[in-house]
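>>> Okay, here's the prediction I keep looking at, along with the sequence it came from:
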Amino acid sequence: MESNKTNKVNKALMVGTGLIALSAAVAPQGYAASATGNMTAEILTPIVLAVPTDIQFGSMTVATAAGDVVTLDTASARTVAGANVTLVAGAITPAAGVVSVTGAIGPTIRLQMDATTYNVTRTAGPETMVVNNFQIETNAGGTQQDVVLAASPTTYPIGADLNVGAGQVAGSYTGVFTINASYQ
């Protein structure tokens, strides 16, 4: 009798399991949903910088009693803050520096001087002059300028101030500057 009872329980379990399986198979679709979405990415052209024209302050003379500041603007024009430096024609033609930027057209690119002050050093000696107040693109550009390329490459002028000391030793002075660029 025990096995007859067990058979009835087993049959009841099988019928119940079948009903549960059948009800799951006909469950309404409103209990689950899915959707798809798009994914995008853009790889920008790497930025490449070149300096086809160096910053050239030109030739000048200086008084022995006091120095002065020579400003070379982004249009290659030179001015002197006072009367202690005389600008003259010489072996070096004044020219604003030029940075050439190659990159993606459209995104903002930040041009930035690596430092705010650099030195030029006399070729045959230890004497130096400070170069500062860099101007990128415009005379009010400062040491950092955000630009958007209309074409690639595009060039931007760089002006700066040369701080000439009192009685600055005659000679040729050279130095280097570094400009960086990054997408913003």
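Structure received.
>>> Confidence-wise, which helix or strand of this protein is lowest on average?
In the chain, no helix or strand scores lower on mean pLDDT, DSSP states H and E than helix 2-25, which sits at a mean of 55.
>>> Following that one in sequence, what is the next regular element?
strand 48-53 (DSSP states H and E).
>>> Which other helices and strands does that following strand contact?
strand 97-102, strand 179-183 (3 or more CB pairs under 8 Å, 6 or more residues apart in numbering; DSSP states H and E). For glycine as for every other residue, the C-beta is placed from the backbone atoms N, C-alpha and C.
>>> try 6 Å this time
strand 97-102 (3 or more CB pairs under 6 Å, 6 or more residues apart in numbering; DSSP states H and E).
>>> Mind listing what's buried along the strand it packs on?
97-99, 101-102 (16 or more other CB atoms under 10 Å).
>>> Quick check: end-to-end length of stretch 66-82?
End-to-end distance for stretch 66-82: 10 Å, by CA to CA, to the nearest Å.
>>> chain center to it, what's the gap?
Taking the mean of its C-alpha atoms, stretch 66-82 sits 28 Å from the chain's own mean (CA atoms, centre = their mean, to the nearest Å).
>>> Show me what counts as buried in that stretch.
By neighbour count on 16+ other CB under 10 Å, the buried set for stretch 66-82 is 67-74, 76, 78, 80.
>>> what is the rounded mean pLDDT of that stretch?
Stretch 66-82 shows a mean pLDDT of 96.
>>> how big is the angle separating the lengthiest strand in the chain from strand 97-102?
Across the chain, the longest stretch assigned as strand under DSSP state E is strand 154-164. Taking axes from the mean of the first three to the mean of the last three CA atoms, to 10 degrees, one finds strand 154-164 and strand 97-102 inclined to each other by 150 degrees.
>>> List the buried residues for strand 154-164?
Buried residues in strand 154-164 (16+ other CB under 10 Å): 154, 156-164.
>>> can you list those in a markdown table and add distance to residue 112 and pLDDT?
Shown next, in a markdown table, are these (distance: CB to CB, whole Å; pLDDT from 0 to 100):
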| residue | distance to residue 112 | pLDDT |
| --- | --- | --- |
| 154 | 16 | 97 |
| 156 | 12 | 98 |
| 157 | 15 | 98 |
| 158 | 11 | 98 |
| 159 | 15 | 98 |
| 160 | 14 | 98 |
| 161 | 18 | 98 |
| 162 | 21 | 98 |
| 163 | 22 | 98 |
| 164 | 26 | 97 |
